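> Sequence first, then the predicted structure:
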Amino acid sequence: MAIHRFIGDREPPTPIASVRRLRPLLGTGKIPEALSSMARMRTLYASAPSNNPPAVEVEPIADESKHLWRIRVPVDDEFRGARPGLTMRRHPAAKYLSEISDSVSHKSYRPEWNDVLSLPRLVLEKAARIARRFDGTRVEPLWVYDNARRAFQDSSWPWGLVGRITNDQGFYGTGTLIGDRLVVTAGHMVPWSSQSWWMRFVPAYFNGSSLYGPGVESYVSDVSGYDTGGTGYDWAILRLYEPLGTSLGYFGYNSYSTDWNNLPVWSNIGYPGDIDNSDEPAFQQGFSINDTDGDRNGGEELETENCDLNHGNSGGPMFAWWSNGTDPRVVAVVSSQETENGSTKDNVFASGDGFVNLCEWGRSNWPA
């Protein structure tokens, strides 16, 4: 009985040089009302001891220069600010494959209102800043090679589909929209051990809020992943309370082929901790995979020696473009680093047919 299958195109992705030559595609600029409404309001959550709503008090503070308001809730209410999640589950590979619908598409989706850019608008032309300790030594929680990353500030498609993830354990990382309510990230970003947990996704996060508007974000209702251990299975799919992808669009996904090893066609987006404390996104294009390790359950480690990563990149997408540079698809997420033979330093992406099968399962079972 098959427990995983290749999904997507077997032809190699479009070369980066060809993608960069594409002219920008301008959208209509007519932002959906659902997105505009969300952008104007930021939502907080409070747990009350009964079915009665919390007795919230709102009063002005006498400071005409700042127009401050004081908001108070009773001390017996639990004012989290976060919306608790519902379910976290891990299942065998065969379960996910058996529940995939053949009618589901693996391709990306772009809404007509947004612009399409093959390169994002840069924040800095120079290389990203490197964090250092008090004694001056460089911080490298993941390997930084030539520092080829660039910080950017852009909500065009598809750059705004990647966002910052935080959770109740204080961790932060990166996630990517792949459906109306679906986000993929690293499995180690999920607070699996928490009894009362939450995760928050902010697309196009930049210095504290989304570039789409302060209220454009969503907490996570459900999480699913494989019950198989190992770096090659370090991925999870999240279901959002809010259907952000309906308005913003989303990436597609594609299985990885070892025929593509050493092809410099891959890109990454993330929120590395050595760039303004993960407050600004950064991207890198044109890196390659030098080696892979996989097993029969569909997990696979993709190893690279030329993609710069850091804490905060965890869960960020490794992606390329298909259909002559018009269809961006995720093939893996940032997982970890490793040292082989005492000297070779690799950054590792979690991938495999199992990862793409999980994405397909999400679109089949968690629709808008």
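Received the coordinates, thanks.
> Could you work out the end-to-end span of stretch 280-292 for me?
30 Å (C-alpha to C-alpha, to the nearest Å).
> got the buried residues for it?
Glu280, Pro281, Ala282, Phe283, Gln284, Gln285, Gly286, Phe287, Ile289, Asp291, Thr292 (16 or more other C-beta atoms under 10 Å). The way it works is simple: take the backbone N, C-alpha and C, and place the C-beta from them, glycine included.
> Identify, by residue count, the longest strand of this structure.
strand 327-340 (DSSP state E).
> That strand - contacts with which helices or strands?
Packing partners of strand 327-340 (3 or more C-beta pairs under 8 Å, 6 or more residues apart in numbering; DSSP states H and E): strand 172-177, strand 182-185, strand 252-253, strand 266-270, strand 300-304, strand 317-322, strand 344-351, helix 353-365.
> To what extent is Ser118 buried, counted in neighbours?
21 (other C-beta atoms under 10 Å).
> Quickly find the element holding Phe201.
strand 199-203 (DSSP states H and E).
> partners of that strand, with directions?
Here strand 199-203 is paired, per DSSP bridges, with strand 162-167 (antiparallel), strand 218-226 (antiparallel).
> Next secondary structure after the helix or strand bottoming out on mean pLDDT in the chain?
None of the helices or strands of the chain scores lower by mean pLDDT, DSSP states H and E than strand 78-79, at a mean of 60. Using DSSP H and E, the helix or strand that follows strand 78-79 towards the C-terminus is strand 87-91.
> Let's see that following strand as PDB, backbone CA atoms only.
Provided in PDB are the C-alpha atoms of strand 87-91 (Å, rounded to 0.1, in the frame of the first residue of the first chain):
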ATOM      1  CA  THR A  87      -6.700  20.800  18.100                       C
ATOM      2  CA  MET A  88      -3.100  19.600  17.500                       C
ATOM      3  CA  ARG A  89      -2.800  16.100  16.000                       C
ATOM      4  CA  ARG A  90      -0.100  13.900  14.500                       C
ATOM      5  CA  HIS A  91      -1.000  11.000  12.200                       C
END
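> Pull out the buried positions in the helix or strand that it is followed by.
Using DSSP H and E, the helix or strand that follows strand 87-91 in sequence is helix 93-98. For helix 93-98, burial by neighbour count (16+ other C-beta under 10 Å) applies to Ala93, Tyr96, Leu97.
> Turn these into JSON lines, columns for pLDDT and distance to Arg21.
Output for the buried residues of helix 93-98, formatted as JSON lines (pLDDT from 0 to 100; distance: C-beta to C-beta, whole Å):
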{"residue": "Ala93", "pLDDT": "94", "distance to Arg21": "40"}
{"residue": "Tyr96", "pLDDT": "95", "distance to Arg21": "38"}
{"residue": "Leu97", "pLDDT": "95", "distance to Arg21": "38"}
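> Could you export these as a markdown table, including distance to Pro32?
Below are the buried residues of helix 93-98 laid out as a markdown table (distance: C-beta to C-beta, whole Å):
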| residue | distance to Pro32 |
| --- | --- |
| Ala93 | 37 |
| Tyr96 | 31 |
| Leu97 | 34 |
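> now the strand holding Phe201: how far from the chain's centre is it?
Using C-alpha atoms, centre = their mean, to the nearest Å, the mean C-alpha position of strand 199-203 is found 9 Å from that of the whole chain.
> Can you tell me what sits against that strand?
Strand 199-203 has contacts (C-beta atoms under 8 Å, 6 or more residues apart in numbering) with 82, 85, 160-168, 175, 177, 183, 189-191, 209-210, 212, 216-220, 223, 238, 240, 244, 248.
> mind giving me the domain split of this structure?
Following automatic domain parsing, one gets these domains for the chain: 16-34+86-365, 46-79.
> What's the end-to-end length of the first one?
Domain 16-34+86-365 has an end-to-end distance of 33 Å (criterion: C-alpha to C-alpha).
> Nearest residue to Asp295 in space, ignoring adjacent ones along the chain?
Spatially, and ignoring its direct neighbours in sequence, Asp295 is nearest to Gly232 (6.8 Å; C-beta to C-beta, 6 or more residues apart in numbering).
> ok now do that neighbour, which residues does it touch?
Asp293, Gly294, Asp295, Gly299, Glu300, Glu301, Ala350, Ser351, Gly352.
> rerun at 6 Å
Each residue near Gly232 by C-beta atoms under 6 Å, 6 or more residues apart in numbering is listed here: Gly299, Glu300, Glu301, Ala350, Gly352.
> likewise Asp168?
So Asp168 contacts Pro191, Ser194, Trp197, Trp198 (C-beta under 6 Å, 6+ apart).
> Mind doing that once more with 10 Å?
Residues in contact with Asp168 (C-beta atoms under 10 Å, 6 or more residues apart in numbering) are Arg80, Ala82, Pro84, Gly85, Pro191, Ser194, Ser196, Trp197, Trp198, Met199, Arg200.
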